[in-house]
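Undergrad: give me the fold of what follows.
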Amino acid sequence: MSESSTKAPKPEKLKPQSAERRQEALRYNQMMYGPTSGERRPVVKKVDYGAPYLAHPKFVALMHAFKSGTEAQFSVTFKEQAYPITTDGTHILFDGKVVFYTRPLNKYERHLLVDRAALMQYQGIDPFVHLVFAVLRSIPEATDQTLTYQNAQFWNGAETLDIGIAQHGPNLMMGVFRIVPAKAKQR
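TA: Numbers count the residues shown, from 1 in each chain. Modelled structure (predicted):
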């Protein structure tokens, strides 16, 4: 009896799959076959833009000053940088740049306009995004609001604001609001 000198081949060891290869395989499977039966999509986090400002007394005072034509100011801090928010009665400024401004329509009403270039410049700063929507929400007469915020960009309807600047200019009409007359000081 002679033993054969050839041994059975050893089975190959499977190498562990790298994270990059696993992600690539998952993307391919999602693209080709869709989600599996037990897989759930991540829940989209819904943000209520403008809510932090709406009930804050400093913002309420700012909006009252804006509507009545007087001055007000306060500042917010974001990532250790302070941004002043001011109004002189016809403009709302964020960090010294005009964001909202008005034009008189008649004795009792004004047009509310927004500067698209300022929106694009500060669209990555959370307090600014909340300020924009808080101003729009605090003026209910401005019903022509098609401004949305998605993927860290402002959108006017279905187009981004940079396209709108090229076609229509930097001014964006937001609506008309009534003037709140400032109370006269009694002597």
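Undergrad: got the phi and psi for Asn171?
TA: phi -80, psi 140 (degrees, to the nearest 10).
Undergrad: same question, Ser138
TA: phi -80, psi -10.
Undergrad: what's the neighbour count on it?
TA: Ser138: 19 surrounding residues under other C-beta atoms under 10 Å. Where C-beta positions appear, they are placed from N, C-alpha and C, glycine not excepted.
Undergrad: in contact with it, which residues?
TA: Leu54, Phe59, Met63 (C-beta atoms under 8 Å, 6 or more residues apart in numbering).
Undergrad: then Phe74?
TA: Lys58, Phe59, Ala61, Leu62, Pro84, Ile85.
Undergrad: most neighbours, which of these?
TA: Of those, with other C-beta under 10 Å as the count, Leu62 tops at 24 neighbours.
Undergrad: poorly predicted segments of the protein, please.
TA: Flagging of the chain using pLDDT under 70 yields the residue ranges 1-5, 42, 44, 142-145, 164, 180-187.
Undergrad: please, where are all the strands along it?
TA: 72-78, 81-87, 91-94, 97-104, 109-115, 147-150, 153-156, 159-160, 171-178 (DSSP state E).
Undergrad: to Arg27, which of those lies closest?
TA: Proximity to Arg27 (C-beta to C-beta) singles out strand 147-150 among the strands of the chain, at 22.5 Å.
Undergrad: how many residues are close by Glu71?
TA: Neighbour tally, Glu71, other C-beta under 10 Å: 11.
Undergrad: ok, it - contacts?
TA: Glu71 neighbours (C-beta under 8 Å, 6+ apart): Ala65, Thr86, Thr87, Asp88, Gly89.
Undergrad: and if we set it to 6 Å?
TA: For Glu71, the contacting residues are Asp88, by C-beta atoms under 6 Å, 6 or more residues apart in numbering.
Undergrad: and it, backbone torsions?
TA: phi -100, psi 150.
Undergrad: gap between it and Asn29?
TA: Look at Glu71 and Asn29: by C-beta to C-beta, to the nearest Å, they are 60 Å apart.
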